[in-house]
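>>> got a structure for you, letters missing:
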């Protein structure tokens, strides 16, 4: 009986602690919301500019990456409403960040491999899907009048769909890896309070213009690698094409990681 009374007292003492943790950390958030947020940021910062790439002159196309970097920095500054509880240390936060970005490297390599092998075989399922997609796209726009329809008919839809698909795969895989890492350290995804009136874009830029400048400079490195000068340099060094693609993707992921570290460091200083 004494043991029963002691255990009951211990359980009653723990109840206020649990309720206090709930009030402190906020409402639990499903992993699907975290994945959706990551996919949304990837779409806004990178997929939209990927879709615009075929419309740009070849000399201007590398400039899309510094623009993407500044958009990415802006999205990182905006409160997501989702966080880990308890909050990670700086090292834990960076490990989770690298896990969230790493899948982009194999995803781009796999997309290139599929395009150059499976899609190159006219009898493969990938090639049949690509032909059917292109036929449906051209048929849709050919039935419509106007100059815009003629330009849309010539648009390389398979390029955008393939690149966008693998970007979404990488973003979702990275979000799942990051969430699993924080779960393994004993944290959970919770809802963070949102400001009543989020700052506008002009206010965010005016408050931290150096962040956008740093992001643009960081993403100028993969832009240089994607330019005619960068490609010719790698060819002069006799770097294989598949290795060149990996190097370009690695510099892009490194720029995104450094941008996130800068933005999150500034954000933590103000919290």
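Cool, the structure landed. Because the structure is a prediction, the values reported are computed rather than measured. Numbering: from 1, shown residues only.
>>> Now residue 39. Nearest residue, chain neighbours left out?
What sits nearest to residue 39 in space, not counting adjacent residues and going by Cβ to Cβ, 6 or more residues apart in numbering, is residue 171, at 4.7 Å. For the C-beta atoms, the positions are set from N, CA and C on the backbone; glycine is no exception.
>>> One more: residue 207?
residue 199 (7.1 Å).
>>> looking at this, the one you found is in a strand?
No: secondary structure of residue 199 (DSSP: H, G, I helix; E, B strand; the rest coil): coil, not part of a strand.
>>> Tell me the spacing between it and residue 50.
28 Å (Cβ to Cβ, to the nearest Å).
>>> And those two? Which one has more around it.
A direct count of neighbours by other Cβ atoms under 10 Å for residue 199 and residue 50 places residue 50 higher, at 17 against 14.
>>> The more buried one contacts residue 156, doesn't it?
No: in this structure, residue 50 is not within contact of residue 156 by Cβ atoms under 8 Å, at 11.3 Å.
>>> quick one on the thing from earlier: can you pull the contacts of the residue nearest to residue 39?
By Cβ atoms under 8 Å, 6 or more residues apart in numbering, residue 171 lies in contact with 35, 38-39, 41-42, 103-104.
>>> Repeat that for residue 67.
49, 216.
>>> hmm, try it at 7 Å
Contact partners of residue 67, counting by Cβ atoms under 7 Å, 6 or more residues apart in numbering, are residue 49.
>>> re the thing from before, give me the phi and psi for the residue nearest to residue 207.
Main-chain torsions, residue 199, degrees, to the nearest 10: phi -70, psi 150.
>>> That one and residue 224, how far apart?
Taken as Cβ to Cβ, the span from residue 199 to residue 224 is 32 Å.
>>> What does the pLDDT read for the residue nearest to the spatial centre of the chain?
Closest to where the C-alpha atoms of the chain average out (Cα atoms, centre = their mean) is residue 42, at 3.7 Å. Per-residue pLDDT puts residue 42 at 96.
>>> hang on, it packs against residue 167?
Yes: with contact defined as Cβ atoms under 7 Å, residue 42 reaches residue 167; the gap is 5.5 Å.
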